[in-house]
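> kindly return the folded structure for what I paste below:
(chains A and B, ligands or ions: 1)
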Amino acid sequence: MSARDKLATPLDVGALRRDFPILSLKIKDKPLIFLDNAASSQMPQAVIDRWVKYRSAQHANIHRAVHYLSETATAEYEKARLKVQAFINAKESRECIFTSGTTDGINLVAQGYGRKFFKAGDEIILTTLEHHSNIVPWQMVADERGAKIRVVPINDRGELLVEDYRKLFNANTKFVAMTHVSNALGTITPVREMIAIAHEHGVPVLVDGAQAAPHLKVDVQDLDCDFYAFSGHKLCGPTGIGVLYGKAALLEKMQPFKGGGDMILSVTFEKTTYAPIPAKFEAGTPPIGEAITLGAAIDYLTAIGIDRVVAHETDLLDYATDQLNRMPGVRLIGTAEKKAAVLSFALDGVHPHDVGSLLNDDGVAIRTGHHCAQPVMQRFKVPATSRASFAFYNTMDEVDALVASIGRVQKLFA
Amino acid sequence: MDSRQLYQEMILEHNKKPRNWGMLGDATHKAEGLNPLCGDHIHLSLKLNGDQVEAVGFEGEACAICKASASMMTVAVKGKSKADAEQMVQEFRDMTTGKLDTAGPHHLGRLTVFSGVSELPTRVKCAILPWHTLHAAFAGSDTASTE
Ligand SMILES: Cc1ncc(COP(=O)(O)O)c(C=O)c1O
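Numbers count the residues shown, from 1 in each chain, chains lettered A, B, ... in the order given. Next comes the predicted model:
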């Protein structure tokens, strides 16, 4: 099927759902309605099977021995890297480093790049939309180096103010770290345009792609980002694995984040020579099975077609937005023109924590809290929100169930 | 158990119309309580006359369980001695963690509407926070946290 034909054929969600054993669970005798995909999405059987196959027939340590299993595991691990490369359209596979997740990838850059190149008075630009994992690592290195954090503001819809961003640049600006999609609001940021602006000033950009990779086509060469980090568990893959993409030239001049085995060429007590990338950043035994299983998740998503994922999730989001907008006493938080798969809301007179508990009675799983994005909460002057987040396996009926359940909460608190 | 069973009339009513709302101008003891996971955040002020709780006031931003617990707590401890109030803190804590037999002797009275919370582990902290905060205020420490 050509890409075009694929798009013309909408997803058969009913059939897809049968790929996911967990989706047939009952919660208190009610069908599970899983709307917490932004935290972690579920795994289809094919991906679970890949994990079992690795564990039952392919497991050994990699890069270390000449026996059959080690060679097989090494080959499968490197195959997974090639799948990642194709998935994000990296120029070379050695630019794709396996990490334990987005957080790990961001810390790798903050420590490996920041500690080496930042000095007193330098400035790092972040945005109001960032997850704590794209704030704290930068604060840590800024504190150590005497650098300063500058923050791009947002408007009332939750969109970044690009003109304000432009004005933040000066001779001291050394780095930009920004999200591609906000986990708290769903805003899709104009990341391509903002990277171009940074590059006009010769400043490299790290993109937090944790929420984008599952919901958008990611092309790191088209974006021209310098670094791109994402997590396996939000991509129908396992926990404990993620990817940091970095341009080869930058990765090569950075210092390693962790020292240990597998990341060296030679070691004496006088001097250690580091291995070339990506090994330089993969110290110790990596999560081999997790990387291979992530490769299977990428295969699964690619077979569905990310365009069709986007089309279906956009339908779900538009429908859910429209339904919630019709409910008096419901306020949507985050109404950006461009949004992906996330619906944050507040109910008049009901705290999000009560909403979460009561929805759970109906089998509806959402997330409530600050979503590790306290600056966003402060901007909207709320302590927390309720957040429904969609995946391609969610249905319009599930949106109806969400809406009905919210209605019951309102009635209880009326 | 369904969490819906916890949201009884009395709890919903105290959530909507909290008693002793607002900080005291002449407080002798104050504390702040924070539940970082869900964002419950309350401020509690006490006026002790010798050993007796003469007045108590609270405010904050919290879920219904926390707010109702705080509201009913202020009603329950007003006029009590510090020792009696501390005894209630202990009993409330035991009840919400399933260690108190509410059929046996206790001093919690209507506060037993919160006993069901012991079956909802994610909500125990919400119910207990005001009591931790009361304990902190008595002890003269400024903050209580459920973490
Ligand atoms: C936008 C964003 N960045 C970073 C992270 C951190 O991802 P992880 O916990 O997998 O490292 C998350 C996930 O919660 C996220 O939503």
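
> using the three-state scheme, assign the residue in the stretch 251-400 of chain A positioned nearest to the ligand.
Nearest to the ligand in the stretch 251-400 of chain A, going by Cβ to the nearest ligand atom, is residue A:372, at a distance of 6.0 Å. From N, CA and C alone the C-beta is placed, and that goes for glycine too. Three-state assignment for residue A:372 (DSSP: H, G, I helix; E, B strand; the rest coil): coil.

> pull the contacting residues for it.
A:131, A:132, A:133, A:183 (Cβ atoms under 8 Å, 6 or more residues apart in numbering or on different chains).

> from those residues, which would you call buried?
A:131, A:133, A:183 (16 or more other Cβ atoms under 10 Å in any protein chain shown).

> can you narrow those to ones near chain B?
With Cβ under 8 Å from any Cβ of the partner chain as the criterion, these include none near chain B.

> give me the subset of the contacts of residue A:372 touching the ligand.
For the ligand, the contacts drawn from these by Cβ under 6 Å from any ligand atom are A:131, A:133, A:183.

> the residue of chain B found nearest the ligand: how many residues sit nearby?
Closest to the ligand within chain B is residue B:37: 14.6 Å, counting by Cβ to the nearest ligand atom. Counted by other Cβ atoms under 10 Å in any protein chain shown, the residues lying close to residue B:37 total 16.

> report the central residue of chain A.
residue A:210 (0.9 Å; Cα atoms, centre = their mean).

> before we move on, the earlier item: turn the buried ones among the contacts of residue A:372 into CSV, including secondary structure.
CSV is the format used below for the buried ones among the contacts of residue A:372 (three-state DSSP):
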residue, secondary structure
A:131, coil
A:133, helix
A:183, coil
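
> next, the buried residues of stretch B:34-47.
Neighbour-count burial for stretch B:34-47 [16+ other Cβ under 10 Å]: B:34-35, B:37-47.

> farthest-separated two in the residues you listed?
Greatest spacing in the buried residues of stretch B:34-47, by Cβ to Cβ: B:37 and B:47 (31.1 Å).

> how close does the residue of chain B closest to the ligand get to residue A:192?
Residue B:37 is 36 Å from residue A:192, where distance means Cβ to Cβ, to the nearest Å.

> with residue B:93 instead?
Taken as Cβ to Cβ, the span from residue B:93 to residue A:192 is 54 Å.

> when those two are compared, which one has more neighbours?
residue B:93 (17 against 14).

> helix/strand/coil for the more buried one?
helix.

> give the rounded mean pLDDT of stretch A:275-288.
In this model, stretch A:275-288 has a mean pLDDT of 95.

> report whether that stretch contacts the ligand.
No: applying Cβ under 6 Å from any ligand atom, one finds stretch A:275-288 out of contact with the ligand, separated by at least 12.7 Å.

> can you mark which positions in that stretch are buried?
Buried residues in stretch A:275-288 (16+ other Cβ under 10 Å): A:275, A:277, A:278, A:279, A:280, A:281, A:282, A:283, A:286, A:287, A:288.

> beyond the worst-scoring helix or strand of chain A on mean pLDDT, next helix or strand please.
Here the helix or strand of chain A ranked lowest by mean pLDDT, DSSP states H and E is helix A:3-8, holding a mean of 52. The first helix or strand that comes after helix A:3-8 along the chain, using DSSP states H and E, is helix A:13-17.

> which strands border the next helix or strand after that next one, and is each parallel or antiparallel?
Using DSSP H and E, the helix or strand that follows helix A:13-17 in sequence is strand A:26-27. Sheet pairing of strand A:26-27 (DSSP bridges) gives strand A:30-31 (antiparallel).

> so how far is the strand it pairs with off the chain centroid?
28 Å (Cα atoms, centre = their mean, to the nearest Å).

> same check, this time on stretch A:30-39
Worked out by Cα atoms, centre = their mean, stretch A:30-39 lies 18 Å from the chain centre.

> thinking again about what came up before, any chance of the ones next to the ligand among the contacts of residue A:372 in JSON lines with distance to residue B:104 and pLDDT as columns?
Listed next are these as JSON lines, based on distance: Cβ to Cβ, whole Å; pLDDT from 0 to 100:
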{"residue": "A:131", "distance to residue B:104": "48", "pLDDT": "98"}
{"residue": "A:133", "distance to residue B:104": "48", "pLDDT": "98"}
{"residue": "A:183", "distance to residue B:104": "47", "pLDDT": "98"}
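
> what's the closest of those residues to residue B:114?
Of these, the one sitting nearest to residue B:114 (Cβ to Cβ) turns out to be residue A:183, at 33.1 Å.

> thinking that closest one is in contact with residue A:371, fair?
Yes: the pair residue A:183 / residue A:371 is scored as a contact, 5.8 Å apart, by Cβ atoms under 8 Å.

> mutual contacts of these two, please.
Common neighbours of residue A:183 and residue A:371 (Cβ under 8 Å, 6+ apart) are residue A:131.

> low-scoring stretches of chain B, by residue?
Scanning chain B for pLDDT under 70 picks out the ranges B:146-147.

> chain A contacts on that one?
B:2-4, B:7, B:12, B:15-16, B:37-41, B:61-65, B:67, B:120, B:122-123, B:126.

> keep only those of the residues you listed that are in strands.
B:40, B:41, B:61 (DSSP state E).

> right, and the first one touches residue B:58 too?
No: Residue B:40 lies out of contact with residue B:58 (Cβ under 8 Å); the separation is 11.9 Å.

> remind me which helix or strand residue B:46 belongs to.
strand B:40-49.

> mind listing the strands that strand pairs with, and their directions?
Sheet pairing for strand B:40-49, using DSSP bridges, gives strand B:29-35 (antiparallel), strand B:52-61 (antiparallel).

> before we move on, the earlier item: now the buried residues of stretch A:275-288 as a markdown table including distance to residue A:120 and secondary structure?
Putting those into a markdown table (distance: Cβ to Cβ, whole Å; DSSP: H, G, I helix; E, B strand; the rest coil) gives the following:
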| residue | distance to residue A:120 | secondary structure |
| --- | --- | --- |
| A:275 | 32 | coil |
| A:277 | 29 | coil |
| A:278 | 32 | coil |
| A:279 | 33 | helix |
| A:280 | 27 | helix |
| A:281 | 27 | helix |
| A:282 | 32 | coil |
| A:283 | 29 | coil |
| A:286 | 35 | coil |
| A:287 | 37 | coil |
| A:288 | 41 | helix |
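
> could you chop chain A up by domain?
A:3-31+A:305-413, A:48-302 (automatic domain parsing).

> between these, which gets the lowest average pLDDT?
Ranked by mean pLDDT, the domains of chain A bottom out at domain A:3-31+A:305-413, which scores a mean of 93.
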